[in-house]
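Enquirer: Next input, structure requested:
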Amino acid sequence: MTSELKPTHIVEAAGGIPYRWIAAGKTTNVDERAVKANKFAEARATHATSKRKRHKHKLPLTPAEIHFRAIITQLEVCLVHRPKYDDWSWPKGKLEEHESSRHAAVREMEEETGVPVALGPTIGEVEYPLNAEGKNSKRSKTAAKTGTIYTKHVAYWMAHPISAEAAQRREQAIGPILPAKTSEIDEVRWLTIPQARKLLSHSHDRDILDQFVDRIQEGALNAQKLIIVRHSKAVARKHWNGTDANRPIIPRGASASFALDQELGCYAPEKLTSSPWLRCLETLEPYAWHTGLEVTTLPPLTEDAFAADPDAAWQCVRDVIDDLFAETDGTSVAKNAVQVATKAVVKISDNVKQTADMNHGKSESDHADAANGADGKDDKAESKQATDTASSNDLGTSANQSDTVSSTPEMPKQYSRATAICMHRPVIGGIFEHLRAMCASKSLAKQLIAKSPYMPTGNAVALFVVPDAEGPRIIDIQRMAPVVY
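Expert: Residues are numbered from 1 along each chain as shown. Below is the predicted model:
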């Protein structure tokens with residue numbers, strides 16, 4: 001007799017991987033960290049090519065590979081210890097009533113680590129039986145009595161620290177966040193990625209770490225945040241006797257604007273920009289009021305201006321994107337940290353290469369001809385020249401290295417920045433058309449809807465944009481809907 005399917009109850013939770021740069025002045029043990037970063041990268045490369053024939057003779061590292069290993073050397077992630085389960089995991093927790101996943105992620109990470117954070121690109125999601133949490137592998141009594149399967153679903157984000165000033169500024173927007181009790185979290189550790197992988201207690205947490213590293217290789221540490229907001233529900237044109245520019249939002253739209261305030265705070269935007277028409281300004285007004293930020297008006301983004309000159313509207317948005325990548329005083333810590341690590345990685349990888357060359361030479365048969373021996377020396381000399389060139393410019397660029405790498409990898413900024421921009425439905429449609437061409441994949445481009453109304457009123461979309469040799473590229477898109485109750 002076939003057993004009936006048991007109903008499943010999903011328990012929603014959210015969290016993330018908070019990361020930070022090791023201080024530029026903290027250069028102790030950088031060589032040791034570089035060795036571990038090299039081993040970590042080699043293990044990933046070995047796993048990726050396990051089904052393919054590998055070279056017996058190690059090839060020189062490309063600039064991108066050197067850059068990636070330098071980042072692994074100087075980046076730390078945060079783990080928490082839960083005494084109830086005696087395990088090490090990522091900070092996370094269940095959603096509270098009337099709470100979105102992104103807000104829960106920000107709240108839980110700050111509660112458990114004590115560090116206020118802003119969200120970055122999404123990492124991934126995991127599901128597992130709720131009764132398998134921590135070390136508890138027994139079937140829950142609730143499931144035995146009711147026949148209901150309880151499943152925990154956790155969404156993870158990348159997250160970076162924000163300044164105390166920024167945290168205080170957004171406090172009224174996202175609400176108070178209190179430290180977790182010591183009975184829930186009794187220890188917090190900042191570790192390098194190789195160290196974190198060893199300490200994590202659960203395989204699904206290591207899977208999330210692997211996806212985090214994939215994001216790093218995708219350029220996520222350089223991702224800047226452009227948040228496009230569609231204004232909240234406004235008075236219908238047929239019911240409004242004034243000018244279209246002065247048509248306000250209705251009470252239902254005002255509640256959505258107030259609720260969106262909390263979602264915007266999860267990304268901690270530093271700048272607010274908007275069409276100068278009233279309904280757009282009113283949509284951002286709650287966040288501006290709570291944070292003390294001023295709203296900069298952009299005349300090319302009104303409906304009339306867009307209808308007259310859509311190219312000017314796109315150029316206006318493109319200028320906002322370019323401004324996100326402008327250098328700031330806060331970029332030096334990450335840049336210096338990676339430059340210090342790059343030298344260590346190049347030095348270590350050069351030693352590894354020479355050792356591999358010597359071992360390869362010893363394993364050659366005694367009857368190898370002189371010509372082959374000469375070629376081996378030439379190869380070693382070219383590799384040494386490539387790594388020396390990389391050390392001299394701190395980024396590992398070399399004419400002798402792989403032709404597939406045509407440009408120097410982009411140096412990471414301190415942490416990502418965010419700008420919110422509010423506009424009208426027709427303008428959003430025209431802007432999305434340009435943004436779809438910037439998406440890293442077709443599946444990502446499909447998330448920018450091509451049909452009107454593009455997104456509901458009072459909603460927003462966060463775009464994560466990275467620099468690229470061919471222009472800015474979007475690697476992640478996150479939709480935001482206000483939780484109105």
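
Enquirer: So which residues of the stretch 1-150 of the chain form helices?
Expert: Listed in chain order, the helices found in the stretch 1-150 of the chain under DSSP state H, counting those that start in this stretch are 30-48, 63-74, 101-113, 141-146.

Enquirer: List the buried residues for the third one?
Expert: Spelled out, it's helix 101-113. 101-113 (16 or more other C-beta atoms under 10 Å). For glycine as for every other residue, the C-beta is placed from the backbone atoms N, C-alpha and C.

Enquirer: ok, of those, which one's closest to E76?
Expert: T113 (11.8 Å; C-beta to C-beta).

Enquirer: List the contacts of the closest one.
Expert: P18, C78, V80, P91, V188 (C-beta atoms under 8 Å, 6 or more residues apart in numbering).

Enquirer: which among the residues you listed gets closest to V427?
Expert: P18 (35.3 Å).

Enquirer: And the pLDDT at the residue lying closest to the closest one once chain neighbours are set aside?
Expert: Excluding the flanking residues, the one nearest P18 by C-beta to C-beta, 6 or more residues apart in numbering is C78, at 4.2 Å. pLDDT, C78: 98.

Enquirer: roughly how far apart are C78 and K84?
Expert: Counting by C-beta to C-beta, to the nearest Å, the gap from C78 to K84 is 19 Å.

Enquirer: tell me which helix or strand of this protein sits lowest on mean pLDDT?
Expert: Ranked by mean pLDDT, DSSP states H and E, the weakest helix or strand in the chain is helix 370-393, scoring a mean of 43.

Enquirer: Any chance of the buried residues of helix 101-113 in a markdown table with distance to L119 and pLDDT as columns?
Expert: Shown next, in a markdown table, are the buried residues of helix 101-113 (distance: C-beta to C-beta, whole Å; pLDDT from 0 to 100):
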| residue | distance to L119 | pLDDT |
| --- | --- | --- |
| S101 | 10 | 97 |
| R102 | 6 | 98 |
| H103 | 10 | 98 |
| A104 | 11 | 98 |
| A105 | 7 | 98 |
| V106 | 6 | 98 |
| R107 | 11 | 98 |
| E108 | 12 | 98 |
| M109 | 9 | 98 |
| E110 | 12 | 98 |
| E111 | 15 | 98 |
| E112 | 15 | 98 |
| T113 | 14 | 97 |
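
Enquirer: can you give me the strands in the stretch 151-300 of the chain?
Expert: According to DSSP state E, counting those that start in this stretch, the stretch 151-300 of the chain carries its strands in the segments 187-192, 224-230, 271-274, 295-297.

Enquirer: among these, which is nearest K347?
Expert: Closest among these, once you apply C-beta to C-beta, is strand 187-192, at 17.9 Å.

Enquirer: List the contacts of the closest one.
Expert: 20, 33, 36-37, 72-73, 75-81, 88, 112-114, 199.

Enquirer: quick one on the thing from earlier: out of the strands of the stretch 151-300 of the chain, deepest packed?
Expert: Neighbour counts (mean count of other C-beta atoms under 10 Å) averaged over each of the strands of the stretch 151-300 of the chain peak at strand 224-230, with a mean of 23.

Enquirer: what comes into contact with that strand?
Expert: Under C-beta under 8 Å, 6+ apart, the answer for strand 224-230 is 120, 260, 264, 267, 269, 280, 283-284, 317, 320-321, 324-325, 416-425, 428, 431, 453-466, 480.

Enquirer: ok, it: who's next to it in the sheet?
Expert: If you go by DSSP bridges, strand 224-230 pairs up with strand 418-423 (parallel), strand 460-466 (antiparallel).

Enquirer: quick one, which of the strands of the stretch 151-300 of the chain is nearest to K335?
Expert: strand 224-230 (15.6 Å).

Enquirer: Mark which of the contacts of strand 224-230 are buried, thanks.
Expert: 120, 260, 264, 267, 269, 280, 283-284, 317, 320-321, 324-325, 416-424, 428, 431, 454-455, 457-466, 480.

Enquirer: Report the beta-bridge partners for K271.
Expert: Bridge pairing for K271 - DSSP bridges - gives T419.

Enquirer: State the distance from it to G175.
Expert: Distance of K271 to G175, computed by C-beta to C-beta: 22 Å.

Enquirer: what's the answer for P299, then?
Expert: Remark: distance between P299 and G175 (C-beta to C-beta) = 34 Å.

Enquirer: Ok, Q224 next?
Expert: Separation of Q224 from G175 (C-beta to C-beta): 26 Å.

Enquirer: picking that back up, check contacts around the residue nearest to P18.
Expert: Taking C-beta under 8 Å, 6+ apart, one finds I17, P18, Y19, R20, P91, M109, T113, V115, V188, R189, W190 in contact with C78.

Enquirer: Including distance to D244, could those residues go into TSV?
Expert: Formatted as TSV, the contacts of C78 follow (distance: C-beta to C-beta, whole Å):
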residue	distance to D244
I17	46
P18	45
Y19	45
R20	47
P91	47
M109	43
T113	47
V115	45
V188	53
R189	56
W190	53
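
Enquirer: Just give me the closest of those to R473.
Expert: Of all the contacts of C78, Y19 has the smallest distance to R473: 21.0 Å, by C-beta to C-beta.

Enquirer: Now for the residue nearest to that closest one when sequence neighbours are not counted: which residues touch it?
Expert: Excluding the flanking residues, the one nearest Y19 by C-beta to C-beta, 6+ apart is V77, at 5.1 Å. Going by C-beta under 8 Å, 6+ apart, V77 touches I17, P18, Y19, W190, L191, T192, I193, A196, L209, F212.

Enquirer: Spell out, range by range, the helices that occur in the stretch 151-300 of the chain.
Expert: Going by DSSP H, counting those that start in this stretch, the stretch 151-300 of the chain shows helices at 164-174, 193-199, 203-217, 251-265, 278-291.

Enquirer: middle-most residue in this structure, spatially?
Expert: By C-alpha atoms, centre = their mean, the mean C-alpha position of the chain lies nearest to P121, the distance being 3.0 Å.

Enquirer: State the three-state secondary structure for the closest residue in space to it that isn't next to it in sequence.
Expert: Leaving aside its sequence neighbours, P121 sits nearest to D476 (C-beta to C-beta, 6+ apart; 4.0 Å). Three-state call for D476 (DSSP: H, G, I helix; E, B strand; the rest coil): strand.

Enquirer: Show the end-to-end separation of stretch 105-125, please.
Expert: End-to-end distance of stretch 105-125 (C-alpha to C-alpha, to the nearest Å): 12 Å.
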